[in-house]
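**Student:** pasting the sequence and the predicted model now:
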Amino acid sequence: LEEWVAQQYLERPMLIHKTKFDIRQWFLVTGFNPLVVWFYKDSYLRFSSDEFNMTDFRSAESKTIHLCNNSIQKDAKKFAKGFAEGNMWSSDEFKAYLISQNRPHTWHSIFEQMKAIVTNALLCVQATAEHRKNTFE
């Protein structure tokens, strides 16, 4: 059995103030047959410290351009010096930003896509996932 990871780097990601971000969303699976998934209504965004570009992948600063993990960003020269305290926003702050950009319906679209992605990923492993009743990780 061979294992593969297939992914594509987004060359034109949605940017906020010229920086990349990711969205962290919590969900809880309480059953696999039938599949029961609970989504927390709130989430949070993590931002990179440096402006996005597609030319810098090898410099010392490239990690702070392309990766939003706190473990990487906390050591960036510009960490927590920009528009987002601690390089993070709540989903409410993101919604307010989208409204200010005349994109009030974007959050609903993103949230629905996240739910579909999680659901489809879980359906892929539904037959092989070990379900332990009354437990979670």
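**Tutor:** In hand now; what should we look at?

**Student:** tell me the confidence at the spatially most central residue of the chain?
**Tutor:** Residue closest to the mean C-alpha point of the chain, counted by CA atoms, centre = their mean, is residue 23 at 2.8 Å. At residue 23, the model reports a pLDDT of 96.

**Student:** that one: what secondary structure?
**Tutor:** strand (DSSP: H, G, I helix; E, B strand; the rest coil).

**Student:** show me what it is bridged to.
**Tutor:** Beta-bridge partners for residue 23, by DSSP bridges, are residue 45.

**Student:** other residues contacting the helix ranked longest in the chain?
**Tutor:** With DSSP state H setting the assignment, residue counts place helix 106-125 as the longest helix in the chain. The contact list for helix 106-125, computed with CB atoms under 8 Å, 6 or more residues apart in numbering, reads 23, 25, 27, 29, 32, 35, 37, 39, 91, 94-95, 98, 129. For glycine as for every other residue, the C-beta is placed from the backbone atoms N, C-alpha and C.

**Student:** okay, the residue nearest to the centre of the chain and residue 53: tell me how far apart.
**Tutor:** Distance, residue 23 to residue 53, using CB to CB, to the nearest Å: 21 Å.

**Student:** next one: residue 94
**Tutor:** In this view, residue 94 and residue 53 are 23 Å apart by CB to CB.
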